[in-house]
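>>> This is a predicted model, with the sequence first.
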Amino acid sequence: MTTLRILTICTGNICRSPFAAKLLASKLDRTQFKVTSAGTSAMLGDPMQETMQRIAADMGVWWRDEHSARVLTHGLVGQADLILGMEREHRSQAAKLQPSAVRRAFTLLEFAHIVSSINDDRLQQLLFQHKRSPTAAIDAVMRMRGVVPRLSPEHLYDLQDPFGKSRQTYARSAAHISQAVDQIVSFFQRTAKLTAASQDGPSAIVGMQDRK
């Protein structure tokens, strides 16, 4: 079985993106999804910030391995089937490294907003149109990007960086990430059920996309 690869991006890779990655990984099927993170100006080698670790633990998310901050690279962008930046700037940086990534790069809140706006009937239609694509779920969201009304003002797509701020700011950032992750996980679960009902099972939507 192949795996859909999700890359989360923030600035330092010690707060938002590793938290989002760990939360996604804890809720998605590990045999079908691989979730990693990176930073545009990563604090290379640093662990996740302690306040965010404690908040994650309070939410029941425990680290199976040590996090080590790493820099966003062309290779990481190229390997990802779905790119989720914590801010619009992170999405843009991914596209600068690899222009072809622009279609599969979103902010976390942007992707959550789109998928939560797609009802099952519309999703089933979109999946049928892309039934031969191993990344049909992502293709469906790409098609709806210009259809679903955008959030206004644009900064609503950005998650505030809590680094160096109060614990309350960390908690607020974590809560927003958690809500978005739940919407995204629900979308992939709905996609799997609809695909299984109409084709040959959830594996049809979670393969890796060929790269040129």
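All right, it came through fine.
>>> Just read off the phi/psi values of the residue most central in space within the chain.
Closest residue to the average C-alpha location of the chain: residue 84 at 4.1 Å, with CA atoms, centre = their mean. Main-chain dihedrals, residue 84, degrees, to the nearest 10: phi -120, psi 100.
>>> That one reaches residue 111, doesn't it?
Yes - contact criterion CB atoms under 8 Å: residue 84 and residue 111 qualify, at 5.9 Å. In this view, the C-beta of every residue, glycine as well, is placed from N, C-alpha and C.
>>> same for the longest helix anywhere in the chain, what does it pack against?
Longest helix in the chain by number of residues, with DSSP state H as the criterion: helix 167-198. On a contact count with 3 or more CB pairs under 8 Å, 6 or more residues apart in numbering; DSSP states H and E, helix 167-198 meets helix 16-27, helix 50-58, helix 108-116, helix 120-129, helix 136-144.
>>> beta partners for the residue nearest to the centre of the chain?
Residue 84 has these beta-bridge partners by DSSP bridges: residue 8, residue 106.
>>> separation between it and residue 58?
Applying CB to CB, to the nearest Å, the value for residue 84 to residue 58 is 23 Å.
>>> cool, residue 31 as well?
Per CB to CB, residue 31 is found 28 Å from residue 58.
>>> Repeat that for residue 73.
The value you get for residue 73 to residue 58, if CB to CB is used, is 32 Å.
>>> Many thanks, we can stop here.
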